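Engineer: Model the following, please.
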Amino acid sequence: MAGSAAPNELRIGVTGHRVLVEVPRVLEGVEAALDGIEAAFPGRALVVVSCLAEGADRLVAEAVLRREGARLVAVLPMPRGELGADFATVESRDEFAGLLARAVEVVELPARATRDEAYAAANEWMLAGSDVLVAVWNGAGPLGQGGTAEVVARARARNLPLAWVHAGNRAPGTMEATTLGKDQSRVTYEGL
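Structural biologist: A predicted model of the protein is given here:
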């Protein structure tokens, strides 16, 4: 089970798409979401709780870590030796290793029967230890177990405050990026 936050900490969980388009615009939305969260919870040190998957998990983790005094808790859905297979390029593996080295805590969850089950367990750990969730998401329904839509639904069921950064994803069944047009990077707050 996730550790509890110190009274002066604010634990920010993150979920979102692995494939993002218009990354600079999405990053603008992430920065705006973090500004809104800091305004809603003034004076608290930020701790980002992330599985460090490609895309949104890393984008939000980096954005939080650029803020003064922020820290990272990495939640690995499986032993780290098995996780490298999920990253297609050397650059992605290097980016993961760099973020992992910056983490103040690394939680390695035990292997599960499937990768979907492993990511669902990691997302549950992340949600249980978060005070607020940043979701970088297109708003579409679930594409599989442990996906962004499922994580957002579980956060909503718990009345966990949410900062939703509207972001394009990928065409179903492909790695082809889609866009949301003018809605890309808009932030919707729930419970803040």
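
Engineer: Give the buried residues for the least confident helix or strand in the chain by mean pLDDT.
Structural biologist: Using mean pLDDT, DSSP states H and E, helix 80-83 stands out as the lowest-scoring helix or strand of the chain, at a mean of 80. Within helix 80-83, the residues scored as buried using 16 or more other C-beta atoms under 10 Å are residue 83. The way it works is simple: take the backbone N, C-alpha and C, and place the C-beta from them, glycine included.

Engineer: So which residues make contact with that helix?
Structural biologist: 76-77, 96, 100, 106, 108, 111 (C-beta atoms under 8 Å, 6 or more residues apart in numbering).

Engineer: Out of those residues, the closest to residue 21 would be?
Structural biologist: Nearest to residue 21 among those, counting by C-beta to C-beta, is residue 96 at 21.2 Å.

Engineer: Let me see the contact set for the closest one.
Structural biologist: Residue 96 sits next to 52, 58, 83-84, 87 when contact means C-beta under 8 Å, 6+ apart.

Engineer: Let me have the helix or strand hosting it in CSV, keeping just the CA atoms, if that works.
Structural biologist: Under the criterion of DSSP states H and E, residue 96 resides in helix 90-102. Taking Å, rounded to 0.1, in the frame of the first residue of the first chain, the C-alpha atoms of helix 90-102 are listed here in CSV:
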residue,chain,number,x,y,z
VAL,A,90,17.5,3.6,-26.2
GLU,A,91,16.5,7.2,-25.7
SER,A,92,13.3,6.1,-23.9
ARG,A,93,15.2,3.7,-21.6
ASP,A,94,17.8,6.4,-20.9
GLU,A,95,15.0,8.9,-20.1
PHE,A,96,13.4,6.3,-17.7
ALA,A,97,16.8,5.7,-16.0
GLY,A,98,17.4,9.4,-15.6
LEU,A,99,14.1,10.0,-13.9
LEU,A,100,14.5,6.8,-11.8
ALA,A,101,17.8,8.1,-10.5
ARG,A,102,16.1,11.3,-9.4
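
Engineer: in the following helix or strand past it, what counts as buried?
Structural biologist: Next along the chain after helix 90-102, taking DSSP H and E as the criterion, comes strand 105-108. By neighbour count with 16+ other C-beta under 10 Å, strand 105-108 contains the buried residues 107-108.

Engineer: Can you give the contact residues for strand 105-108?
Structural biologist: Contact with strand 105-108 is made by 2-3, 73-76, 78-80, 100, 125, as judged by C-beta under 8 Å, 6+ apart.

Engineer: Looking at the residues you listed, which is nearest residue 25?
Structural biologist: Nearest to residue 25 among the contacts of strand 105-108, counting by C-beta to C-beta, is residue 74 at 26.3 Å.

Engineer: looking at it, the closest one is touching residue 104, isn't it?
Structural biologist: No - the criterion here is C-beta atoms under 8 Å, and residue 74 misses it with residue 104 at 9.0 Å.
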